[in-house]
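Participant: Following is a predicted model, sequence given first.
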Amino acid sequence: MTGTGLDGRSVIVTGAGSGIGRATARAFAAEGARVVVADLNAEGADAVVREIEEAGGTAVAVTGDLSEQAVVDRVTETAATRFGGVDVLVNNAGIMDRMSAVADVTDGEWERVIRIDLTAPFLLTRAVLPHMLAAGRGAIVNTASEASLRGSAAGAAYTAAKHGIVGLTRSLAVTYRDQGIRANAIAPGGTRTGLIPDVDADAHGPQVIGSYQRNIGRVAEAAEQAAAILFLASDAASNITGAILPVDAGWSAV
């Protein structure tokens, strides 16, 4: 991609140890950005850092549960001290639910999904905003989902969390657009990431939701989602904020 303006920028990518996050961290590094690879899995995060460094890029791993404030602070401080600030935040880390219908969602399933998929992005966004405001610029890209656009792509907990990500993105875009900060999100459809949700196929939610999956279309590669994230974070998207970009082979148009 030409004209990205990402060379030398400080970028945080969460969930960067695998899947879309891995592809995104590698894509930013290929553009000359310096990347904080944040992930719960230390082995995966370290492997991505090695891949980036072997390709001539710059990256550092920070591991831990991003729904914990101490981990969020460590990620932010690492970007600020090692790379001089935070220019781009990609809130990509997330987990799937069990496709449970509302009546079948346990407290544990609800709380875990909301904590990882919505609260963690909020905490990290809140932590990086002072750095972006001080610099007078910044780009935040959130990974929403096809489930943020409809009610038939996942269970109740995941759908609620991803709708919340859309609201968070739009609120950021409105309240900080005059301070040079842009906030956008991608809404991936089916993507080849190796993530297999723990689903009871006989439960009510999966049975109903499964009947709508015929419209999913072609399954994307992680690199295709990363390309969209890179675009939204780049100077090529300098006048785009508050956008929710479906990257779903037209599923949302059906």
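Facilitator: Right, received. Where do you want to start? Numbers count the residues shown, from 1 in each chain.
Participant: What are the boundaries of the helices in the stretch 101-250 of the chain?
Facilitator: Taking DSSP state H, counting those that start in this stretch as the criterion, the stretch 101-250 of the chain contains helices spanning 107-114, 120-135, 156-176, 204-210, 222-233.
Participant: Residue 51: which of those helices is closest?
Facilitator: Of all those, it is helix 222-233 that lies closest to residue 51, at 13.3 Å by CB to CB. The C-beta positions use only the backbone N, C-alpha and C, and glycine is treated the same way.
Participant: and the least confident helix or strand in the chain by mean pLDDT, which residues are buried?
Facilitator: Across the helices and strands of the chain, mean pLDDT, DSSP states H and E gives its lowest value to helix 204-210, namely a mean of 90. For helix 204-210, a neighbour-count test (16 or more other CB atoms under 10 Å) marks 205, 206, 209 as buried.
Participant: How much space separates the last one from residue 34?
Facilitator: In other words, residue 209. Distance of residue 209 to residue 34, given as CB to CB, to the nearest Å: 40 Å.
Participant: Please name the residues that touch the residue nearest the centre of the chain.
Facilitator: Computing the C-alpha centroid of the chain and ranking residues by CA atoms, centre = their mean puts residue 92 first, at 1.7 Å. By CB atoms under 8 Å, 6 or more residues apart in numbering, the residues touching residue 92 are 13, 14, 15, 16, 20, 21, 24, 142, 143, 229.
Participant: low-scoring stretches of the chain, by residue?
Facilitator: Counting by pLDDT under 70, the chain contains low-confidence ranges at 1-2.
Participant: for it, what's the longest strand?
Facilitator: Longest strand in the chain by number of residues, with DSSP state E as the criterion: strand 181-188.
Participant: tell me how far that strand is from the chain's mean position?
Facilitator: Averaging C-alpha positions (CA atoms, centre = their mean, to the nearest Å) puts strand 181-188 9 Å from its chain's average.
Participant: And for stretch 136-156?
Facilitator: For stretch 136-156, the distance to the chain centre is 8 Å (CA atoms, centre = their mean).
Participant: same check, this time on stretch 73-92
Facilitator: For stretch 73-92, the distance to the chain centre is 15 Å (CA atoms, centre = their mean).
Participant: With stretch 110-122 instead?
Facilitator: Distance, stretch centre to chain centre, for stretch 110-122: 12 Å (CA atoms, centre = their mean).
Participant: ok, now stretch 213-226?
Facilitator: 16 Å.
Participant: Quick one: end-to-end distance for that stretch.
Facilitator: Stretch 213-226 stretches 23 Å from its first residue to its last (CA to CA, to the nearest Å).
Participant: mind listing what's buried in it?
Facilitator: So stretch 213-226, judged by 16+ other CB under 10 Å, has buried residues 215, 216, 220, 222, 223, 224, 225, 226.
Participant: distance of the fourth one from residue 26?
Facilitator: Summarising the geometry, the distance separating residue 222 from residue 26, computed by CB to CB, is 10 Å.
Participant: same question, residue 92
Facilitator: Distance, residue 92 to residue 26, using CB to CB: 13 Å.
Participant: Also residue 117?
Facilitator: 23 Å.
Participant: Between the two, which has more neighbouring residues?
Facilitator: residue 117 (27 against 22; other CB atoms under 10 Å).
Participant: Redo the helices of the stretch 101-250 of the chain as CSV? Include distance to residue 99.
Facilitator: Shown next, in CSV, are the helices of the stretch 101-250 of the chain (distance: least, CB to CB, whole Å):
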stretch, distance to residue 99
helix 107-114, 10
helix 120-135, 21
helix 156-176, 8
helix 204-210, 4
helix 222-233, 21
